[in-house]
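Q: Build me a model:
(one chain, ligands or ions: 1)
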Amino acid sequence: MIDFDDLAVRARRYQASLDTRLVRPADAALAALQRLDQPLPQAPSNPAAILAELDEIGSPATMAATGGRYFGFVTGGVLPAALGADWLAAAWGQNAAMDVMSPIAARLEEIALRWIGEALHLPATGGALVTGATMANFTGLAAARETLLARQGWNVSSQGLFGAPPIPVVVGGEVHASMRKALSLLGLGKDRVIQVPVDGQGRMRPGAFPTLTEPAIVCLQAGNVNTGAFDPALELIPLAKSSGSWVHVDGAFGLWAAAAPARAHLMAGYDQADSWTTDAHKWLNAGYDCGIALLRDAAPLRDALDVPAAYLSHGAQRQPMHYTPESSRRARGVPVWAALKSLGKQGLADLVERCCRHAAHFAEGLTQGGFEVLNDVVLNDVVLNQVMVSFGTTEQTTAVIAAIQREGTCWCGSTQWQGRTAMRISVSSWATTSEDVTRSLEAILRVAHQTLEQGAPPS
Ligand SMILES: Cc1ncc(COP(=O)(O)O)c(C=O)c1O
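A: Now for the predicted structure:
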């Protein structure tokens, strides 16, 4: 039996350390990882000893991603209610494949999907909880492929793609790499796409949108991973719809803008799409892993992903596995439901708006510090929660990013933006406070000036 009290002490100690430890793991912690590199034991081990070893070696070797000063990639923290719910769900050990295997998991998944559609003001009738946005894109695109080919009398689920009528696919020039991966998994080809030129913030240019003469899959992006910019859906979706195309939206983090009145304008027109992707492990802060696919019409999703075995059909109740790429799966709906319930609509709006304000604070401080912010700053505000900054040449920026990561007050990653190297700050955690931003900004500016003074190589 596990000593849950001991486990709680360890978890509490870890959470309490987040404020004082380096955001990156210390060198000694990384070196200690080699202690885990043992042969598979012959004999059983005591669970308490295993957990003690895991805590001793594992906890220091984490990235402090659930703290307030981790700004890498687009990584949310974990809201307390979501963390607790996930613990309970792990103790329950449920398989969320079917209602009969876990009534609570099946029910909470359905409720969570409905609540997300409502919070984001999207006319979704169903969807799926999957591992992340990559698989949510896969899921939405699978429904798109099923629908467009069925309209031409081709059942892709049973006949496959060999000999099928070709489906054109339209993406923006700054489409996220995971969308290409999803397209390739579906046999649609990651490079077999019509790529629409974009502006300096990565938005598709409506004037450059192709004239479509047949139904296509048109992939829009709500929130560019570097700039936070949104494709102009109000102009693009009517263009796509005039050819009977299916519009899929990758809004891995940007879709949450719809929940905050001050940012909802960014989502104007997106409710006219057919399928939407977002992540619960990004801005909702529901913990890893959970992507969300929402569908205007969930029927083609079932046609595409149904698992046709007699023993897997059980009454009229929604069976999650018939709407997802997986069969057996963890109970993702539990932490998502808890996260949404703990925030409410007001808390969700505050979370989104607060992160955007923090991002604007970063942009302002960096500009005042003499550095160039590469994404749009209008009236001291950035589009969303992403900030990109250059510290000079590629070599200078690379050297400064490495020094900031090493110094450890905060953690930010590097990126390439339209030919330039930049540092990217993504403010996505509920745990980030104004003090975290001030402290991080001070460290970034100090380290940047020191690094440049020491003579990082010019171009
Ligand atoms: C726009 C966009 N799409 C897709 C993804 C992939 O998300 P995931 O890692 O959850 O699959 C990301 C990740 O940052 C993203 O920003």
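Q: Distance of V336 relative to the ligand?
A: For V336, the distance to the ligand (C-beta to the nearest ligand atom, to the nearest Å) stands at 14 Å. Where C-beta positions appear, they are placed from N, C-alpha and C, glycine not excepted.
Q: Who are the contact partners of that residue?
A: 82, 108-109, 112, 116, 129, 280, 284, 286, 290, 292 (C-beta atoms under 8 Å, 6 or more residues apart in numbering).
Q: what helix or strand does it sit in?
A: helix 333-368 (DSSP states H and E).
Q: any idea where the helices of the protein begin and end?
A: Secondary structure of the chain (DSSP state H): helices at 4-17, 27-32, 47-53, 80-92, 103-119, 133-150, 156-159, 177-185, 233-241, 299-305, 333-368, 394-407, 434-453.
Q: Now the shortest one: buried residues?
A: Same thing as helix 156-159. 156-157 (16 or more other C-beta atoms under 10 Å).
Q: for it, what is the average pLDDT?
A: Mean pLDDT, computed over helix 156-159, is 96.
Q: Same list, the contacts of V336, but as a markdown table with distance to Q272 and pLDDT please.
A: Shown next, in a markdown table, are the contacts of V336 (distance: C-beta to C-beta, whole Å; pLDDT from 0 to 100):
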| residue | distance to Q272 | pLDDT |
| --- | --- | --- |
| A82 | 31 | 98 |
| L108 | 29 | 98 |
| E109 | 26 | 98 |
| A112 | 24 | 98 |
| I116 | 18 | 98 |
| L129 | 24 | 98 |
| A280 | 24 | 98 |
| L284 | 23 | 98 |
| A286 | 27 | 98 |
| C290 | 26 | 98 |
| I292 | 19 | 98 |
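Q: Would you mind pulling up the elements that the worst-scoring helix or strand of the chain on mean pLDDT packs against?
A: When the helices and strands of the chain are scored by mean pLDDT, DSSP states H and E, strand 377-378 comes last with a mean of 88. Other helices and strands packing on strand 377-378, by 3 or more C-beta pairs under 8 Å, 6 or more residues apart in numbering; DSSP states H and E, are helix 333-368.
Q: chain center to the helix it packs on: distance?
A: Mean C-alpha position of helix 333-368 versus that of the full chain (C-alpha atoms, centre = their mean, to the nearest Å) differs by 14 Å.
Q: How about stretch 320-339?
A: Put simply, stretch 320-339 sits 16 Å off its chain's centre (C-alpha atoms, centre = their mean).
Q: Just the terminal-to-terminal distance for that stretch.
A: End-to-end span of stretch 320-339 (C-alpha to C-alpha, to the nearest Å): 20 Å.
Q: And that stretch, what's buried?
A: For stretch 320-339, the neighbour count (16+ other C-beta under 10 Å) marks 320-326, 329-339 as buried.
Q: cool, and stretch 52-71?
A: For stretch 52-71, a neighbour-count test (16+ other C-beta under 10 Å) marks 55, 59-60, 64-71 as buried.
Q: Show residues contacting it.
A: For stretch 52-71, with C-beta under 8 Å, 6+ apart as the criterion, the contacting residues are 10, 14-15, 17-19, 21-26, 28-30, 32-33, 35-36, 72, 75, 77-78, 409-412, 424-429, 431-433, 436, 439-440.
Q: So what are the sheet partners of the least confident helix or strand of the chain and their directions?
A: Pairing partners of strand 377-378, with direction, according to DSSP bridges: strand 381-382 (antiparallel).
Q: pLDDT on the partner strand, on average?
A: So the average pLDDT for strand 381-382 ends up being 92.
Q: which residues sit against that strand?
A: Residues outside strand 381-382 that contact it (C-beta under 8 Å, 6+ apart): 228, 356, 359-360, 363, 373, 375-376.
Q: 10 Å instead?
A: With C-beta atoms under 10 Å, 6 or more residues apart in numbering as the test, strand 381-382 has contacts from 227-229, 262, 356-364, 373, 375-376, 388, 425, 427.
Q: So which of the residues you listed reach the ligand?
A: Here nothing survives when the contacts of strand 381-382 are matched to the ligand using C-beta under 6 Å from any ligand atom.
Q: Of the residues you listed, keep whichever come out buried.
A: 227-229, 356-364, 373, 375, 388, 425, 427.
Q: for stretch 98-105, which positions count as buried?
A: Residues of stretch 98-105 classed as buried: 98-99, 101-102, 104-105 (neighbour count, 16+ other C-beta under 10 Å).
Q: Show me the contact partners of that stretch.
A: 89, 92-97, 106-110, 129, 307, 312-322, 327-334, 337.
Q: what do you get if the cut-off is 7 Å, keeping everything else the same?
A: Defining contact as C-beta atoms under 7 Å, 6 or more residues apart in numbering, one finds that stretch 98-105 is touched by 94-96, 106, 312, 314, 317, 319-321, 331, 333-334.
Q: any chance of these in TSV, plus pLDDT?
A: Formatted as TSV, these follow (pLDDT from 0 to 100):
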residue	pLDDT
Q94	98
N95	97
A96	97
A106	97
L312	69
H314	64
Q317	83
Q319	90
P320	93
M321	94
A331	98
G333	98
V334	98
